[in-house]
Structures are given as C-alpha cells and as structure tokens.
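Student: would you be able to build a 3D model of this:
(chains A and B)
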Amino acid sequence: MAGQQTLDIEFRGVSKRYGDVTAVHPTDFAVPKGAFIALLGPSGCGKTTCLRMIGGFEQPSTGQVLIGGTDMADVPPYRRPVNMVFQHYALFPHFDVSANVAYGLRQIRPRLTSSEIARRTADALAMVQLGGFGARKVHELSGGQQQRVALARALVNRPSVLLLDEPLAALDKKLRTDMQIELQNLQRELGITFVLVTHDQEEALSMSDVVCVMNGGRIVQLGAPDEIYDRPADRFVAAFVGKTNFLDGTVLENATGGARIRLANGMDVTARLGGAAATGARVSVSLRPEALRLGTPAGEAGLSGVIRNRIFLGSTAEYAIEVPLLGTLLATADHSAAQSDLLKPGDPVAISFNPGAPLAFPASDNKTTQRESSHVEIVS
Amino acid sequence: MSSAARKRLVTALLLAPAAVWLLLFLVLPFVAIVVFSLGERAPAGGYQPALTLAQYANLPARAAAFWNTLVLAPAGALACLLIAYPVAYYLAIKVLPQRRLLLVALIVIPFWTSLLIRTYAWMYILGGRGIPAFLELVGLPDVRLINTPGAVLLGIVYGYLPLMILPIYISLERLDRRLLEASADLGATPFSTFFSVTLRLSLPGMMTGFSLVLILLLGEYLIPTLLGGGKVFFIGNALVDLFLQSRNWPFGSAIAVALVGIAVVLLLAANRITARLSGARQVDLL
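Tutor: Now for the predicted structure:
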C-alpha cells in the first residue's frame, strides 16, 4: 500500500485482555510519520497498555501492531525501532549519566567505535542541555535532570518513534511547563513521531498535534486539540477535557441548525447536538465555564443565580454560582478590579452566553462518564 | 544541659549495651588471644608468659588445616553461590507471586532442624551402608564417599545454601523491573540485559551471601568432623585439637589470630571488588 510509507504506527483490530478483563477493545488507529500524538484518558482507560504494545512489552490478544508498515507480532522490544521514556525514568542506578545515555549505542551490532559512542552521547546530552553532566551519578540529579537524561537515552538511538509514558507526571508545575515547550521543540527539530501517554488533559492539549481520547479501553475521539475541546464527541470527552457545566434538559425540536432544548428551569436554549437525540429525549447541555459571562442579561439566553464561591486564580477567577433548579454552575471570568468589587459571594448575578456555546449530549451517556471522570463536573 | 549535649548522652546510652557486649566478648578475648599467641606452652599445657614469634613461625606445621580451609571454604561458598543464584532468580523473578511465600518457606524450613542432626543424616547417606552399599548392589563396589573433600563440600553446600539464597533473593526481588524493560527497549538482548543490569544490581546480594557463608565456613568445625572424619580437617578442627587435646594454647592462639587476619583480608577484597563492579554506590556487606 502506498499509504504505508507515511504511517509510523498502525493498530489493526488490536485488543488486549488479561484473563476476563478487557483492557483494550478492538482498536484501529494510525499515526502519520512525524506526528505528535497524545493518548489521553483516566487511569485504567487502556492508554498505557496501547503504548506498551507499541514498545513490545505487551502482546496484543488480537490484531496487529505495525511500525513503519511492518507487523511487529514476533518482534521483541529490543528489535523494535522505537524507544521509550519510562514513567519515573527507569535510569540505571549503577551507571553514570554518560553510561546511561550510551547504553543503547553499546547494543548496536556491528559495534560502534568508542569515539563514535562518546560523540553521540555528548551530542545527546547537549541536546537536552546536560552537557558536562556525563560523569554525574544518576542519584545526584534533580527530577528534571533525570527526566532529561531519560530523554537523551531514548533519543540517542535515533528511533523512528519515541514513546513517552507520563513523562512529566513527577515534575513540579513550573518545570512541567518548561519541559512541555522543550519536548515540543525537540519533536519539531527531530521530526520523530512522538506518542505521549498522559492523564493530564492540559498536557495533551498543549503539546500534541493529535489527541486520542480513550475511555474504558476504547478510543472515544481522535482529533486536533481544539477540535477535541470545542467539539467533544460525547459527554465523557466534554467532561474529561477541560471543565464544563452540565445542565439537564429535554429536546423540544430537532432542526439542522441545532436542537431546541428546554432546560430543567423552564428556559429554552438552542444547542448543537453531540449525538442523536429525538424530540422528547433527555439531554445534558454542556456549557464551558469560560463561555459564561457574568453581569447584566444579554444575548439570546439569560440565567440568574447567586454567587456562592469565588476562586481567585491570578489572571482569571472562577465563580461557583447557584442557579435555581439547575444547580451550581462554574464560570470563569477575566480578573479585574471592577469585577472583584462587583462579584462577591452572596451577590445576585446574571449569566449569559453566546448562542453557539451550548452543546447537548444524549443523557444516556451519564453513567460511564460519572464513574470514569475524576474531573470537575457540575451536574444539577 | 544543652540540647546537643543531651543528644550525645542519649546516643551514648543507646550504644552502651552493645559497646559493653563487644568489649567484654570480642575485644578483650581477642586481646587475650593475641597475648597468648606471643607466649609459650607451659610444660603441663596451657599458657606461660613470654614474648616470642615462635608460635607464628610454627604455623606451617598446620599447613594441611590451612590448605583445606582456604580451598574448601571459598570453593564451598562459590558452589553455594552458583547453585543459589538460579534458585533465587527463579524465586524473585520467574515464580508466580502467590507461590513465592511457600517456596521461600520451604527453603527456610530445614533451619528448624539442627545442623548437627542434618549432617549426621548425611553421614549415614554417604557412609558404608548408604549410597556406596547401593552402588555395590548395581555392580560398583569400593566407592568411598564419606571422609573425602567431596563429602565435606557437599555438607557445606547443603548446610549453607539457604544463607546464600536469601540475600540474593532479596536483592533480586528489590530489582526494579522497569530497568529490565528499559534495557530491552534500548536494544539489549535478554542475555545482555542479564549481564549488564540484573547481575550487576544483584551483586551486593551475592557478595553479602558469599561473605556470610565464607566467614562461617572459615570457622567451620562440625561438617569436617562428621563428613571428613580425621582425614579432611579445617582450622576449626585444628583449634579444638590444640586447645583441648594437646593443650598448646599459644600455638592455637597464633592460628586463631592468623585465621582472623585471613578473614579480614578476604572480606576487604570482596568489598572492594563489589564496590568496583556495582558502580561507586556504597556497598555495605556486613
């Protein structure tokens, strides 16, 4: 097939069972060469299992994993053209930094000359800004530095695919942001396919070109980060990626421009439909906190409530607003002095939103969502 | 009292019982032995003060005991190591976790019976009415097993194997499995992973087991007595002979001091080798 040259990783009907537990249901997906893809989902969604099947540490129960167009069925990890940055790095404690980085180079047959190994090791350390750290012991390094050694150790082998298993989970927030930028730059410079596994939606959205949202062993949505955020495929994605408010309602009429929905408080809104819902069906209407405007009623729809809490976040502030019959809604507002004067806990407030903002999902999705998602989700 | 002074006092009080114990039962007896070793045998046996190195000059008279000990003890420890490693590896890495406890227990259970009784059992198994009698039945007469170096070695391996398995098992059990995956990920074959990661990281456990068994074997008395008869004897047997039978305390003391010296040199060497092979991480053997 002509298309194979441009695909680095392909799953064909891949599934994984452990006994009678299915970790990954039959899955098809393909990663084009040079892409930065994030496998995003809550713990137990099968994302790490997928990554480990690419690395060769798990064998699929059914289906085929292809790397660069070649079936990897009987290929052990040490013969795959991929390298992994392990969670908690898995650096060799009995080697210094250089020996850790050079480890993969030393396995190459026919053997590389020692000057070649030394040169490539030094280059890799320089690339992750650890030039001069070669003689250090691993345990002498900070978490961020260990992370870079793990990255250099994987990249020095010039893999066609780099696998990253929660690489930033152990770093503090500031360092994490720095590494996100660095990883993105590295990926662009090297042109290597990156496959990132994370449960942190912010990390997935900020770094990757493609986000693959998984839940319960299935891919629920595959798309660009803004697509995932703005047009979530179902209620789970809407809840898991970013924060959102869910308002209960019933479909009044279904039109091409969007459905007319009556909310639990009797108000009617027009919403895009994120799934099939017939007239009379119960739906959840998702409204992102940043889509809500606080102040005087404007636009098509208006809700009113009372501010319960104000969570100051620096550049923005979040407000928890109690709306009769709809529950507590979360709203994000740009922080300014005027607003903080105006919006205090206990104050009545009017909430408005753009007509395009509401997105309705069939209410039957509820049960899977609530079990899997640990993220902020406010349902009346 | 300042808090620093109080801390020092508490530390001193906590250490005092162990320090007194070591002083009374290790340091003082050792000093006594060193003093004895520089003396002379009293005409009726025992010790008579003197200042001479004659006892040390006489050490070659017991060369056979030194030779047996210094060959069979390291050989026994090495044999234990070679047999224990695969067992420990299997227990720590290959076996299903739910069976592990049972198997570890099976290794420890022989300790519940006295080594004396278990070695007696071997005496009968290897003795004239044991395996040789069976071999004679199948047409192999005149096989002698008991009272040979081989019998002593067998007794040593049998008696000390658990002491070797446990430290190696612990070091392998603590081995981070992700390091093995990382090694495979970086292109190392299972063979290469074993030698560059598994073996290197279990080296401290191996050295702990080896040192433990070696030290105990250098002073071994029981196994050579029962399975070596009068023919294969260790330094321990020579000491019993000198102190209890011929009552030559100064010469016995000189041998004991020499034995301590040998043990210290062997341990320092083992420690040095381990430290070098397993990276510069601190390795504490004992």
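Student: what's near enough to touch residue A:53?
Tutor: A:14, A:16, A:24, A:59-60, A:65 (CB atoms under 8 Å, 6 or more residues apart in numbering or on different chains). Just so you know, the C-beta spots here come from the backbone N, C-alpha and C atoms, and that holds for glycine as well.
Student: wait, which of those is closest to chain B?
Tutor: residue A:59 (13.7 Å; CB to the nearest CB).
Student: hang on, the earlier thing: highest neighbour count among the contacts of residue A:53?
Tutor: residue A:24 (26 neighbours; other CB atoms under 10 Å in any protein chain shown).
Student: secondary structure class of that residue, three-state.
Tutor: Following DSSP: H, G, I helix; E, B strand; the rest coil, residue A:24 is assigned to strand.
Student: with adjacent residues omitted, what lies nearest to residue 47?
Tutor: In the absence of a named chain, chain A is used. residue A:39 (3.9 Å; CB to CB, 6 or more residues apart in numbering or on different chains).
Student: if you could check chain B rather than the one you did, that'd help
Tutor: residue B:249 (4.6 Å).
Student: so where is chain A shaky, pLDDT-wise?
Tutor: By pLDDT under 70, the low-scoring segments of chain A are A:1-5, A:296-302, A:335-342, A:364-380.
Student: domains of it?
Tutor: Annotated domains of chain A cover A:2-230, A:235-379 [automatic domain parsing].
Student: which of those domains sits most buried?
Tutor: Mean neighbour counts were compared across these using mean count of other CB atoms under 10 Å in any protein chain shown; the top stretch is domain A:2-230, at a mean of 19.
Student: how far away from the center of its chain is that one?
Tutor: 14 Å (CA atoms, centre = their mean, to the nearest Å).
Student: that older thread, the residue nearest to residue A:47 and residue B:98: what is the separation?
Tutor: 32 Å (CB to CB, to the nearest Å).
Student: same check on residue A:78?
Tutor: 30 Å.
Student: what does residue B:193 give?
Tutor: 26 Å.
Student: sec struct for residue A:102, please.
Tutor: On the basis of three-state DSSP, residue A:102 is classed as helix.
Student: right, and it touches residue A:116 too?
Tutor: No: if you go by CB atoms under 8 Å, residue A:102 and residue A:116 don't touch, sitting 10.3 Å apart.
Student: residue A:48: helix or strand, and which one exactly?
Tutor: helix A:47-55 (DSSP states H and E).
Student: and the next helix or strand past that helix?
Tutor: Assigned by DSSP H and E, the successor of helix A:47-55 is strand A:62-67.
Student: near chain A, which residues of chain B?
Tutor: With CB under 8 Å from any CB of the partner chain as the criterion, chain B meets chain A at residues B:176, B:178-179, B:181-190, B:192, B:196-197, B:200-201, B:278-281.
Student: which of these are buried? Put it as a PyMOL command.
Tutor: Selection of the buried residues among the residues of chain B next to chain A in PyMOL, burial being defined by 16 or more other CB atoms under 10 Å in any protein chain shown:
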select buried, chain B and resi 176+178+179+181+182+183+184+185+186+187+188+192+196+197+200+201+278+279
